[in-house]
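**Student:** 3D, please:
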Amino acid sequence: MPGEKFIIKLADNATPFCVSTPRKIPFAYTDKLKIELTLLETQGIIKNTIEHSDWCAPIVITPKKNTNKIRILLSIGYVLMQLHSDGTWKTVQAGSRHLSDTETRYAVIELELLGVEWAAQKCYNFLEGLPKWIKGKEKLRADALSRHPHEPPNTSDELAEQPIVNGDHVDEAPTISAIRSVADSPKDDQTRLFQVWKSSNTENQYQELKRLIINGFPESKKDLPDHLKKYWCVHPDLSVDQDLIVYGCRLLIPTSLCQTIMQKFHHGHPGIRRAQDRARMIVYWPGIDTDIEACINDCQFCQDHLSMNSKEQLIQKLKPSRPFQEIAADLHTLTVKTT
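**Tutor:** Next comes the predicted model:
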């Protein structure tokens, strides 16, 4: 690799990280991947071997913007350097880690932000009040560290997979903004998200479902407890983000809060269709459409102001006053002849 020379040393207590199931590579990227791996081998960054290794991590392939090349992602790394009086830069702190299973599915821009946020968290005592961003391709040490991580991610590293609690409220996660659409103000936004988080921690069914999502659902629906079978049809799309369950991009609401959230969608008496359309964009619970319809049908104000589309009356034709006054004929086929 061009640039300054350096040596990467593993910590004494570093434990091997290995995955047994390789990630699938899109067929369209196969030739480009071979070219990229050959280039890395030529530069001495990697080497081809047939020997067994205790260190093995999956790679993620993404296309580079506005080019015909690909980017190989393995992990994230950082280097904190300090400018000394003699004009030289010296390393203060450095680190790297593998990507979690969730992080391997991030977009490139999300991975770049993840690297910045993780590095800032690790170097918080040095960086507070001194923000500065340098592209990875301009810092070869950090780029090299990201290609040779020495530790798997721990709980504190997985920034997008843990709740962020500050005092008496939960900071809003970048990917969970659904509750914002039913909030009346920024303050109400934080309050309602905290209510969802607090209710989820005290509801046994919610916690049991969360454990199933993390550990995996059983092979058959009949192996689920009866109170969780209603989630079977949507379980492939359920995930845990910031200690809350999401269904795609929709926030799963605990049972104890369904009525409260439903009243927010009913506010202003928008009608069944509009309330359902609004709810489908941001929140979810089993039977949400039926519950919203029942809620609005029970609203006396909505029923009093319901638009009535009266049926059109049947128009009766006058009876003919003489024979053959009106003649009608039907075209039909009988024994391959048209009559």
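**Student:** and residue 91, how far from residue 104?
**Tutor:** Distance, residue 91 to residue 104, by Cβ to Cβ, to the nearest Å: 28 Å. All C-beta spots, glycine's among them, are computed from the backbone N, C-alpha and C.
**Student:** okay, these two: which has more neighbours?
**Tutor:** Between residue 91 and residue 104, residue 104 has the larger neighbour count (other Cβ atoms under 10 Å), namely 17 against 11.
**Student:** how far does stretch 55-62 sit from the chain's center?
**Tutor:** 20 Å (Cα atoms, centre = their mean, to the nearest Å).
**Student:** straight-line length of it, end to end?
**Tutor:** Distance across stretch 55-62, first residue to last, is 23 Å (Cα to Cα, to the nearest Å).
**Student:** just the mean pLDDT for that stretch, thanks.
**Tutor:** What stretch 55-62 shows for mean pLDDT is 70.
**Student:** with stretch 72-84 instead?
**Tutor:** Averaging pLDDT along stretch 72-84 gives 79.
**Student:** put the alpha carbons of that stretch into PDB.
**Tutor:** C-alpha atoms of stretch 72-84 as PDB (Å, rounded to 0.1, in the frame of the first residue of the first chain):
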ATOM      1  CA  ILE A  72     -14.900  -4.100  -0.300                       C
ATOM      2  CA  LEU A  73     -16.100  -3.500   3.200                       C
ATOM      3  CA  LEU A  74     -14.900  -5.700   6.000                       C
ATOM      4  CA  SER A  75     -14.900  -3.500   9.100                       C
ATOM      5  CA  ILE A  76     -14.400   0.000  10.400                       C
ATOM      6  CA  GLY A  77     -11.200   1.600  11.800                       C
ATOM      7  CA  TYR A  78      -9.900   4.900  13.100                       C
ATOM      8  CA  VAL A  79      -6.700   6.600  14.000                       C
ATOM      9  CA  LEU A  80      -6.400   9.700  16.200                       C
ATOM     10  CA  MET A  81      -3.300  11.700  15.500                       C
ATOM     11  CA  GLN A  82      -1.800  14.800  17.200                       C
ATOM     12  CA  LEU A  83       0.300  17.500  15.500                       C
ATOM     13  CA  HIS A  84       3.500  18.200  17.500                       C
END
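**Student:** which stretches of the protein form strands?
**Tutor:** Along the chain, the stretches classed as strands by DSSP state E are 60-63, 70-73, 75-83, 89-98, 165-166, 169-170, 238-241, 244-247, 250-252, 283-284, 333-334, 337-338.
**Student:** dump those to a markdown table, plus distance to residue 232.
**Tutor:** Putting the strands of the chain into a markdown table (distance: least, Cβ to Cβ, whole Å) gives the following:
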| stretch | distance to residue 232 |
| --- | --- |
| strand 60-63 | 30 |
| strand 70-73 | 34 |
| strand 75-83 | 35 |
| strand 89-98 | 32 |
| strand 165-166 | 32 |
| strand 169-170 | 29 |
| strand 238-241 | 10 |
| strand 244-247 | 13 |
| strand 250-252 | 14 |
| strand 283-284 | 15 |
| strand 333-334 | 50 |
| strand 337-338 | 55 |
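**Student:** alpha carbons of stretch 316-331, as PDB, please.
**Tutor:** Provided in PDB are the C-alpha atoms of stretch 316-331 (Å, rounded to 0.1, in the frame of the first residue of the first chain):
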ATOM      1  CA  GLN A 316     -89.300   2.100 -14.100                       C
ATOM      2  CA  LYS A 317     -90.100   2.200 -17.800                       C
ATOM      3  CA  LEU A 318     -93.700   2.800 -18.900                       C
ATOM      4  CA  LYS A 319     -95.600  -0.200 -20.200                       C
ATOM      5  CA  PRO A 320     -96.200  -0.300 -24.000                       C
ATOM      6  CA  SER A 321     -99.700   0.800 -25.000                       C
ATOM      7  CA  ARG A 322     -99.800  -1.500 -28.100                       C
ATOM      8  CA  PRO A 323     -98.200  -4.700 -29.400                       C
ATOM      9  CA  PHE A 324     -94.700  -4.500 -30.900                       C
ATOM     10  CA  GLN A 325     -94.300  -0.800 -29.800                       C
ATOM     11  CA  GLU A 326     -90.800  -1.700 -28.600                       C
ATOM     12  CA  ILE A 327     -88.700  -4.600 -29.800                       C
ATOM     13  CA  ALA A 328     -85.500  -6.000 -28.100                       C
ATOM     14  CA  ALA A 329     -83.200  -8.800 -29.200                       C
ATOM     15  CA  ASP A 330     -80.400 -10.600 -27.600                       C
ATOM     16  CA  LEU A 331     -77.400 -12.000 -29.600                       C
END
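**Student:** list the buried residues of that stretch.
**Tutor:** For stretch 316-331, burial by neighbour count (16 or more other Cβ atoms under 10 Å) applies to no residue.
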